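Asks: Quick one, fold the following:
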Amino acid sequence: MSPSGLHADARHLLSTWAAPDESQDVLRAQYIAHLDGYPDAVLRECRAGHITASTLIIDTSRESVLLTLHPIVGRWLQTGGHCEPGDTDLVAAAAREAAEESGIDNLSIDAMPLRLDRHAVRCRADDGEATTLDHLDVQFLAVAPAYAREVRTHESLDLRWWPWTTLPEDTDASVRALVAAALERTGR
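Replies: Predicted coordinates:
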C-alpha cells in the first residue's frame with residue numbers, strides 16, 4: 001500500500017474507533033486533524049509530528065507483558081515505532097515493529113487500538129540535526145503464541161516479560177496506562 005493508502009487507513013481506523021473515555025476521544029480528534037492537515041502524517045518525514053504504531057505484547061496465559069528497554073529513552077516500553085512506506089495499514093505497522101523488536105512472529109493483534117499516546121521525542125531532521133517533535137502513537141494489544149521466545153535485537157538494551165502487577169520502577173505513566181487498558185480489555 002502506498003503512503004496515501006496507509007494515511008487513508010489510519011484516518012478510517014481512528015474515525016471508527018470508539019475511544020474509551022473523553023481524554024482519549026480528544027486525542028483521537030487531534031490525530032484525525034493532524035492526518036487531515038498533513039498528507040505525509042504517517043511517515044517520519046512529517047516534521048510537524050507523525051503517526052507511529054506500537055504494541056503491548058502479552059503472553060498466552062495473560063499474566064505477563066513483554067517490555068523492551070529502549071536504548072535512547074532508557075526506560076521500559078512496549079514495542080513500536082515509525083510507519084514505513086511498505087506498511088499496508090496501522091495494524092501491519094504495529095505487527096512489523098513488534099516482530100522486529102521482540103523476535104516473535106505470528107502475534108495475534110487486536111485490530112482495534114487499545115489507546116493513544118501523544119509524546120514529544122527527539123528525532124533527526126532532514127539535515128541530520130536533532131529536533132524534537134510529536135509521536136502520535138496508536139497503541140495495539142497482541143497475544144504472543146504459546147511457543148514464543150523473545151529475541152533481543154540491536155533496538156533494545158534488554159527485553160523481558162513482566163507480571164502485570166510487577167512492572168519495572170522506571171516504567172513511565174504512559175506504559176502503566178497502556179497496561180491498565182490491556183488489563184481492562186482482557187478482563188484481568
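
Asks: Give me the mean pLDDT for the helix or strand where Leu35 lies.
Replies: Under the criterion DSSP states H and E, the helix or strand holding Leu35 is helix 22-37. Per-residue confidence for helix 22-37 averages out to 98 on the pLDDT scale.

Asks: what comes into contact with it?
Replies: Identification of contacts with helix 22-37 by C-beta atoms under 8 Å, 6 or more residues apart in numbering yields 7, 10-11, 14-15, 17, 19, 41-42, 48-49, 51, 115-118, 136, 138. All C-beta atoms are positioned from the backbone trio N, CA, C, and that covers glycine.

Asks: can you do 7 Å?
Replies: Counting contacts by C-beta atoms under 7 Å, 6 or more residues apart in numbering, the residues outside helix 22-37 that touch it are 7, 10-11, 14-15, 17, 19, 41, 49, 51, 115-116, 118, 136.

Asks: Helices - which of these land there?
Replies: With DSSP state H as the criterion, helices contain 7, 10-11, 14-15 from among those.

Asks: quick check, nearest of these to Asp110?
Replies: In terms of C-beta to C-beta, no member of the ones in helices among the contacts of helix 22-37 lies closer to Asp110 than Leu14, at 15.2 Å.

Asks: Against Gln139, how distant is the closest one?
Replies: When C-beta to C-beta, to the nearest Å is the yardstick, Leu14 and Gln139 sit 12 Å from each other.

Asks: Kindly report the same for Glu100.
Replies: Using C-beta to C-beta, Glu100 is found at 16 Å from Gln139.

Asks: Endpoints of stretch 81-95, how far apart?
Replies: For stretch 81-95, the first and last residues are 10 Å from each other (C-alpha to C-alpha, to the nearest Å).

Asks: pLDDT averaged over it - what is it?
Replies: Model confidence over stretch 81-95, given as mean pLDDT, is 93.

Asks: From the chain's centroid, how far away is that stretch?
Replies: Offset of stretch 81-95 from its chain centre (C-alpha atoms, centre = their mean, to the nearest Å): 10 Å.
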